[in-house]
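Trainee: build me a structure from this.
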Amino acid sequence: MQNNQGSSGEDELIRLLLKRQQELNALLEITQAINKNSTTAELLKMLETILKGQLQIGSFRFLIEKDNIYSSIASFGGTSETVHELNMAWMHLSSLQTPTAITGHKNQLLSRFDYFIPIYHKQKALAFALIGDFGSSGEMLNNDLTFIQTLTNVIVVALENKRLFRERLESERMQREMELAAEVQNMLIPLRIAKEPGVEIGSKYLPHQNIGGDYFDFFRLNENEFMWCIADVSGKGISAALLMANFQASLQGLANTEEDLTCIVERLNRLVINNTKGEKFITLFLAKYNQHTRKLCYVNAGHNPTILYSDGDAISLKLGTTMIGAFDELPFLNQGEVDIDPGSLLVNYTDGLMDHENHNFKVWSEEKLLDFVADNGTLTPDEFNEKLMSHVAEVTKAKPIDDITLLTLKIV
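Mentor: Here you go, the predicted model:
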């Protein structure tokens, strides 16, 4: 009798040791697969094989948390249910932090399963599993539940590490893209503008968060004429910077072949449409001045209106069209013309000058800007820009939320 009991005990011990060896082998296989960077689908298939083959589990649901919602990542056996139903069922179990029997649970869905296995990290629920048609019992039950919890925990950690790795790669890609965009942007913004006879020029560029979508340029066309442009492209990053680089090159090319500003703007619109398929747009103010006739021609394409100061008065130059890149054909297009008196000041700017955190239109608006120009139009461009920026900071008492670009010209 004692020999039979001894033999039975030895057999149970051998069975337990073999089972532990199987478990260790399974964990080793999972770990090796993770180290080889196996796909999520491959890892989950290995998990299913282990649960079905080694543990004889008939039904299984595995859900992982993201933004307080659980998504199903693995499922087999039993009656199907929706992810919403599983999320509702979770509410009955959210207080449990250890494997728990749920056979006969009052919730109809949960009653179809035998055990609930939660996965926690530092008191935060990461995932949970539901086990059904599971025949383990006696001394092996706790061992099997612990093994299942270990397996699922390893999978969850692996998936979380994959997610963090992808996020890091995306962050590094975005950082590199922003660095490239900044390099392109710096090439677009003139460090200094050469002195030209008959005109004083002052500029200021303040990018928001290192990289923006603003652009300005000034160049002479011939002995009597010069042109300038100030523009703002929608969006940020390398795609916006490359679009603006293409825009700059095209503008300078067209300026030497087209006399009419409306023709230039029409062709620029087609260029942006062809390049972006309507996904980006550009606002711009384009002007050409003839020093011999003292005539200024301009087109305002959906941009903040340039302000003209002359003899104590300030007016907005608004004639033009909509932003370019939004329509295959511009719905309307008008060219403005104005005679320029000696001493006139032209203030070109982008919307960052007007937009600030918690903006209060009572203290800063286009009307307030017109008043400021009227009061300070006799200053030199550089003096005007400095005083304007100080004034805006003083009255708004807030940070800008976009790039600020100023291009100020005084016609002598």
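Trainee: just how off-centre is whichever helix in the chain runs longest within its chain?
Mentor: Secondary structure of the chain read by DSSP state H shows that its longest helix is helix 139-188. Distance of helix 139-188 from its chain centroid, counting by Cα atoms, centre = their mean, to the nearest Å, is 18 Å.
Trainee: quick one: list the elements packing against that helix.
Mentor: Applying 3 or more Cβ pairs under 8 Å, 6 or more residues apart in numbering; DSSP states H and E, one finds that helix 139-188 makes contact with helix 2-35, helix 40-53, strand 59-66, strand 115-121, strand 124-132, helix 237-255. Where C-beta positions appear, they are placed from N, C-alpha and C, glycine not excepted.
Trainee: quick one, the last one and helix 139-188 angle?
Mentor: Angular relation of helix 237-255 and helix 139-188 on a 0 to 180 degree scale: 20 degrees, by axes from the mean of the first three to the mean of the last three Cα atoms, to 10 degrees.
Trainee: isn't Glu196 up against Met227?
Mentor: No. Counting by Cβ atoms under 8 Å, Met227 is not a contact partner of Glu196; they are 11.5 Å apart.
Trainee: any idea which helix or strand comes after the longest helix of the chain?
Mentor: strand 199-206 (DSSP states H and E).
Trainee: tell me the helix or strand right after that next one.
Mentor: strand 214-220.
Trainee: walk me through which strands the helix or strand that that next one is followed by pairs with, and which way each runs.
Mentor: Note on strand 214-220: by DSSP H and E, the next helix or strand toward the C-terminus is strand 225-233. Strand 225-233 pairs in its sheet with strand 214-220 (antiparallel), strand 282-290 (antiparallel), by DSSP bridges.
Trainee: what angle separates strand 225-233 from strand 199-206?
Mentor: Counting by the same axes, to 10 degrees, strand 225-233 lies at 10 degrees to strand 199-206.
Trainee: what is the mean pLDDT for strand 225-233?
Mentor: Model confidence over strand 225-233 averages 94 on the pLDDT scale.
Trainee: which outside residues touch it?
Mentor: Contacts to strand 225-233, defined as Cβ atoms under 8 Å, 6 or more residues apart in numbering, come from residues 196, 199, 213-221, 240, 243-244, 247, 251, 255, 280-291, 303, 306, 348-351, 403, 405, 407, 409.
Trainee: same check, this time on stretch 116-134
Mentor: So stretch 116-134 is contacted by 55-65, 70, 77-78, 86, 90, 93-94, 96-100, 102, 110, 112-115, 144-145, 148-149, 152-153, 156, 160 (Cβ under 8 Å, 6+ apart).
Trainee: buried among those residues? Make that a PyMOL selection.
Mentor: If you want just the buried ones from these in PyMOL, going by 16 or more other Cβ atoms under 10 Å, the selection is:
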select buried, resi 55+57+58+59+60+61+62+63+64+65+70+77+86+90+93+99+102+110+112+113+114+115+144+145+148+149+152+153+156
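Trainee: residues contacting the closest residue in space to Gly198 that isn't next to it in sequence?
Mentor: Of all residues not flanking Gly198 in the chain, Gln291 sits nearest, at 5.0 Å (Cβ to Cβ, 6 or more residues apart in numbering). Taking Cβ under 8 Å, 6+ apart, we find Gln291 in contact with Gly198, Val199, Asn224, Glu225, Phe226.
Trainee: still on that earlier bit, right, and the strands paired with strand 225-233 - which one's nearest Gln175?
Mentor: Closest approach to Gln175 among the strands paired with strand 225-233 (Cβ to Cβ): strand 214-220, 21.1 Å.
Trainee: quick one: average pLDDT of the closest one?
Mentor: pLDDT averaged over strand 214-220 gives 90.
Trainee: reformat the strands paired with strand 225-233 as TSV; add mean neighbour count and distance to Leu17.
Mentor: Formatted as TSV, the strands paired with strand 225-233 follow (neighbours: other Cβ atoms under 10 Å; distance: least, Cβ to Cβ, whole Å):
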stretch	mean neighbour count	distance to Leu17
strand 214-220	21	72
strand 282-290	23	73
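Trainee: tell me which of those lies nearest to Lys397.
Mentor: Comparison of the strands paired with strand 225-233 against Lys397 by Cβ to Cβ identifies strand 214-220 as nearest, at 23.3 Å.
Trainee: from the rest of the structure, what touches that closest one?
Mentor: Contacts for strand 214-220 (Cβ under 8 Å, 6+ apart): 188-190, 193, 196, 201, 203, 205, 207, 226-233, 244, 247-248, 251-252, 255, 348, 350, 352, 403-405, 407, 409.
Trainee: hmm, 7 Å instead?
Mentor: 188, 190, 193, 196, 201, 203, 205, 226-232, 244, 248, 252, 350, 403, 405, 407 (Cβ atoms under 7 Å, 6 or more residues apart in numbering).
Trainee: now render the helices and strands packed on helix 139-188 as TSV, adding distance to Met389.
Mentor: Below are the helices and strands packed on helix 139-188 laid out as TSV (distance: least, Cβ to Cβ, whole Å):
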stretch	distance to Met389
helix 2-35	55
helix 40-53	52
strand 59-66	44
strand 115-121	50
strand 124-132	47
helix 237-255	23
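Trainee: so which of the ones you listed gets nearest Leu268?
Mentor: helix 237-255 (6.3 Å).
Trainee: in that closest one, what counts as buried?
Mentor: Ile238, Ser239, Ala240, Ala241, Leu243, Met244, Phe247, Gln248, Ser250, Leu251, Leu254, Ala255.
Trainee: could those be laid out in JSON lines, adding distance to Gly320?
Mentor: As requested, these are exported to JSON lines (distance: Cβ to Cβ, whole Å):
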{"residue": "Ile238", "distance to Gly320": "29"}
{"residue": "Ser239", "distance to Gly320": "25"}
{"residue": "Ala240", "distance to Gly320": "22"}
{"residue": "Ala241", "distance to Gly320": "25"}
{"residue": "Leu243", "distance to Gly320": "20"}
{"residue": "Met244", "distance to Gly320": "19"}
{"residue": "Phe247", "distance to Gly320": "16"}
{"residue": "Gln248", "distance to Gly320": "19"}
{"residue": "Ser250", "distance to Gly320": "18"}
{"residue": "Leu251", "distance to Gly320": "15"}
{"residue": "Leu254", "distance to Gly320": "16"}
{"residue": "Ala255", "distance to Gly320": "17"}
